[in-house]
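Enquirer: Have a look; sequence and predicted model below, questions after that.
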Amino acid sequence: MKTLYFDCPTGISGDMCLASLIDLGVDPKMILKELRKLTVDKIDVKIGKEVRHSIVGTTFRVKMHDSHHHRTFKDIKGIIKKSSLSPAVKGLSISIFETIAEAEGKIHGIPADKVHFHEVGAMDSIIDIVGAAIAIKSLNVDRVCSSPLPLGSGVADTMHGRIPIPAPATVEILKGAPVASSDIPFELTTPTGAAIIKTVADSFGPMPAMIIERTGYGAGKKDFRESANLVRVMLGEAGAGAGKDSCPGKDLLIMETNIDDMSPQIAGYLMEKLIERGALDSFITPVQMKKSRPGMLLTVLAEEEKKEELLDLIFTESTSIGVRTYPVDRHCLERKIISVKTGYGTVRVKISMRNGKTVNSQPEYEDCKKIAEAKKIPLKEVMDSAKAAAAKAK
């Protein structure tokens, strides 16, 4: 399972999140190209390197020419929806802002759509949030996890005057999520950083068992004496090598429902949303239903703790009036990722094993696609070359 883990020993802000993903290897030129699809003035970005306690991290700083710093959630949704960003990036970006708007609305006693964003509504924070959505979606991970978030202490000066740290919005956003203590007298986790992690993280806790493929460090603006002000992000394969043929993890269940009155377009949308919300797998099988009606069987594999959230999604987004659930065991092969050199370039290959013996090898599609497009050669040639190189490397 391709997993992205955020390690936040000194909290997280929007710019630190995006900087860590760039340091991880997400192409900053791609991010900027996508950001320019927003209907805003010219975006000036400075990406650099800074040292925090002898560790080098990436920084992401934005200088905006747009002076409109007060926007409602409705305004921000309009900016994102009118852009030509992908539907997945639009959806995640709006969800992150919705997390903030709901928290601010509850604090101020107003509807979420009417919440006026001040610091968070400034364009640099919009860029941080949308940029993070672009970067995370580009990684195409199966799961996002995070360490508990330290919040900091003290007071902060805002548009609302002097408020305690953690900010009320941050506390509201992180309800239900584990937080960590810290003696650093500073706002360690900002509302923007909290909203990004709360929205994208499937779970909070220690780093899961995984084979680490890449790491990245995002540096914060402050250089604390007490600790390195860095967000560390790790990308890897979780569960690999944890057993001969079983998959470690939480209790799993199957959720399924027969439907004969739903549009295929809605079915496709529902499957995407199920995966986004944490389902491990989702698929549809054509079935023959009563009165000889053609229908579909929706099947979802998920962790037990995701049951209620996914049930809500199925009942809200589909025409189902009943869902069956039952526990299942899942058996997986051991997996590892190797990098092989081909005549066209370097490709990562996923090796699957049983009892120490390789039973399958599969080149990473995105690596092969990038080479095929750059070299203008058939994709299958690149994949065959990678498989041959992997066979020699065993």
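Expert: Cool, the structure landed.
Enquirer: Point me to the helix or strand that includes V300.
Expert: strand 294-303 (DSSP states H and E).
Enquirer: Tell me the helix or strand right after that strand.
Expert: According to DSSP H and E, the helix or strand after strand 294-303 is helix 307-317.
Enquirer: Would you map out the domains in this structure?
Expert: 2-238, 252-328, 334-393 (automatic domain parsing).
Enquirer: Most tightly packed of the ones you listed?
Expert: Ranked by mean neighbour count, the domains of the chain are led by domain 2-238 with a mean of 19 (mean count of other C-beta atoms under 10 Å). C-beta here means a position set from N, CA and C on the backbone, and glycine is covered the same way.
Enquirer: coming back round to it: now the domains of the chain in a markdown table, with mean pLDDT?
Expert: Formatted as a markdown table, those follow (pLDDT from 0 to 100):
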| stretch | mean pLDDT |
| --- | --- |
| domain 2-238 | 87 |
| domain 252-328 | 91 |
| domain 334-393 | 90 |
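Enquirer: Now do the longest helix along the chain: which elements does it pack against?
Expert: Using DSSP state H, we find that the single longest helix of the chain is helix 87-108. Helices and strands touching helix 87-108, by 3 or more C-beta pairs under 8 Å, 6 or more residues apart in numbering; DSSP states H and E, are helix 73-82, strand 116-117, helix 123-139, helix 168-173, helix 191-200, helix 264-276.
Enquirer: Please repeat the previous calculation with a cut-off of 6 Å.
Expert: The helices and strands touching helix 87-108, judged by 3 or more C-beta pairs under 6 Å, 6 or more residues apart in numbering; DSSP states H and E, are helix 73-82, helix 123-139, helix 168-173, helix 191-200.
Enquirer: Grab the nearest non-local neighbour of E334.
Expert: M353 (4.5 Å; C-beta to C-beta, 6 or more residues apart in numbering).
Enquirer: any idea which element the one you found lies in?
Expert: Applying DSSP H and E, one finds M353 within strand 346-354.
Enquirer: and that strand, which strands flank it?
Expert: Strand 346-354 pairs in its sheet with strand 334-341 (antiparallel), strand 357-363 (antiparallel), by DSSP bridges.
Enquirer: Select, out of those strands, the one closest to V171.
Expert: strand 334-341 (38.9 Å; C-beta to C-beta).
Enquirer: what does the closest one contact?
Expert: 213, 237, 240-241, 346-353, 386, 389-390, 393 (C-beta atoms under 6 Å, 6 or more residues apart in numbering).
Enquirer: Of those residues, just say which sits nearest to V231.
Expert: Nearest to V231 out of the contacts of strand 334-341 is E213 (C-beta to C-beta; 17.8 Å).
Enquirer: any chance of the helices and strands packed on helix 87-108 in JSON lines, plus distance to R225?
Expert: What follows is the helices and strands packed on helix 87-108, written out as JSON lines (distance: least, C-beta to C-beta, whole Å):
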{"stretch": "helix 73-82", "distance to R225": "36"}
{"stretch": "helix 123-139", "distance to R225": "26"}
{"stretch": "helix 168-173", "distance to R225": "23"}
{"stretch": "helix 191-200", "distance to R225": "21"}
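Enquirer: Which one of the ones you listed lies nearest to D7?
Expert: Among the helices and strands packed on helix 87-108, if distance is taken as C-beta to C-beta, the winner is helix 191-200, at 11.3 Å.
Enquirer: What is that closest one packed up against?
Expert: Using 3+ C-beta pairs under 6 Å, 6+ apart: helix 191-200 touches helix 14-24, helix 87-108, helix 123-139, helix 168-173.
Enquirer: Using PDB, list the CA coordinates for that helix.
Expert: The C-alpha coordinates for helix 191-200 follow below in PDB (Å, rounded to 0.1, in the frame of the first residue of the first chain):
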ATOM      1  CA  PRO A 191      -5.200  26.500  11.100                       C
ATOM      2  CA  THR A 192      -4.100  26.000   7.500                       C
ATOM      3  CA  GLY A 193      -1.700  23.200   8.400                       C
ATOM      4  CA  ALA A 194      -4.200  21.600  10.700                       C
ATOM      5  CA  ALA A 195      -6.900  21.700   8.000                       C
ATOM      6  CA  ILE A 196      -4.600  20.100   5.400                       C
ATOM      7  CA  ILE A 197      -3.600  17.300   7.600                       C
ATOM      8  CA  LYS A 198      -7.100  16.700   9.200                       C
ATOM      9  CA  THR A 199      -8.600  16.500   5.700                       C
ATOM     10  CA  VAL A 200      -6.000  14.300   4.000                       C
END
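Enquirer: tell me the angle of that helix relative to helix 123-139?
Expert: Here the directions of helix 191-200 and helix 123-139 differ by 30 degrees (axes from the mean of the first three to the mean of the last three C-alpha atoms, to 10 degrees).
Enquirer: ok, S153 - contacts?
Expert: I165, P185.
Enquirer: now it: how far from P191?
Expert: Going from S153 to P191 by C-beta to C-beta, to the nearest Å gives 16 Å.
Enquirer: and what of P28?
Expert: Taking C-beta to C-beta, one finds P28 at 24 Å from P191.
Enquirer: Could you give the bridge partners of the closest residue to K387 other than its chain neighbours?
Expert: Leaving out its chain neighbours, the residue that sits closest to K387 by C-beta to C-beta, 6+ apart is S361, at 5.8 Å. Beta-bridge pairing for S361 (DSSP bridges): I351.
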